[in-house]
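K.L.:
sequence and predicted structure below; questions after.
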Amino acid sequence: MRWVTFDCYGTLVDWRHGLLTSMELIAPGRGAGLLETYLRHELAVEEKSPSMRYREVLAQALRRACAEERVQLNADDASVLATTLPYWPVFPEVGAELSALRAAGWRLALLTNCDRDLIAETRRRLPVAFDAVVTAEDAGAYKPAPAHFELFGDSYEPEVWVHVAQGYHHDMLPAHRLGLPRVWINRLGEHPSGEQVVEHVRPDLTNLLDTVRAAQRPWPRPAGG
């Protein structure tokens, strides 16, 4: 029972490209600035309303970002992010690298800050099948809260478990707190301040199988779990 869990958007799917393209539809020439404001508001909405469906998080954060940036947003355009999300592009190396993991005997799972219906649409575009999915809708919370990880561990009881994600705040920090081996896909060349919690860093998923093999160790299942 060897598992590799992934965040989806940002790690497997080009989340920033999808957001930016969508924001350019409603604010031509201003998408980049709107995106940075949006990211701050999305995190705040998730923290304040952990039970809110992700499609509403997307809409609420976009409304707030547009208000701050003085961008006119028509009422029926607030759903643009949820509408376009199923079409956001998959990174080009995903198919080969996840296929190599599966061929080597690893099971694959998604731990995503998303709704069941939205991730179902994205899974149709992913080139490799996944054995399990835990959504924010299932967990009743958004990462970096530990609920996704706890629900996955309780449900599948992995013997070896490596978590792979682009998000430092949303994924690397909670994985570190839970003692999970972790691989940071640092696609944006970030340099986080404070405690460094990353064990293995890759610029993308290339040669991921070798990195996962280097990271793997038995999962220290919590006492009484």
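P.N.:
Received, thanks. Numbers count the residues shown, from 1 in each chain.

K.L.:
contacting residues for residue 166?
P.N.:
Taking Cβ atoms under 8 Å, 6 or more residues apart in numbering, we find residue 166 in contact with 7, 10, 11, 184, 185, 186, 187, 188. (Glycine included, C-beta is placed from N, CA and C.)

K.L.:
mark which of those are buried, thanks.
P.N.:
7, 10, 11, 184, 185, 186, 187 (16 or more other Cβ atoms under 10 Å).

K.L.:
name the SS class of residue 191, please.
P.N.:
Following DSSP: H, G, I helix; E, B strand; the rest coil, we place residue 191 in the coil state.

K.L.:
can you get me a residue count around residue 212?
P.N.:
22 (other Cβ atoms under 10 Å).

K.L.:
can you classify it by secondary structure?
P.N.:
Applying three-state DSSP: residue 212 is helix.

K.L.:
wouldn't it be in contact with residue 3 here?
P.N.:
No - taking contacts as Cβ atoms under 8 Å, residue 212 lies outside contact range of residue 3: 10.3 Å.

K.L.:
any stretches of this structure with poor pLDDT?
P.N.:
The model of the chain has pLDDT under 70 over residues 194-195, 222-225.

K.L.:
can you give me the helices for it?
P.N.:
Using DSSP state H, the helices found in the chain span residues 15-26, 31-48, 54-69, 80-84, 94-103, 116-123, 136-139, 147-156, 173-177, 208-215.

K.L.:
ok now the fifth one, how far from the chain's centre?
P.N.:
Distance, stretch centre to chain centre, for helix 94-103: 18 Å (Cα atoms, centre = their mean, to the nearest Å).

K.L.:
distance check, residue 13 against residue 207.
P.N.:
20 Å (Cβ to Cβ, to the nearest Å).
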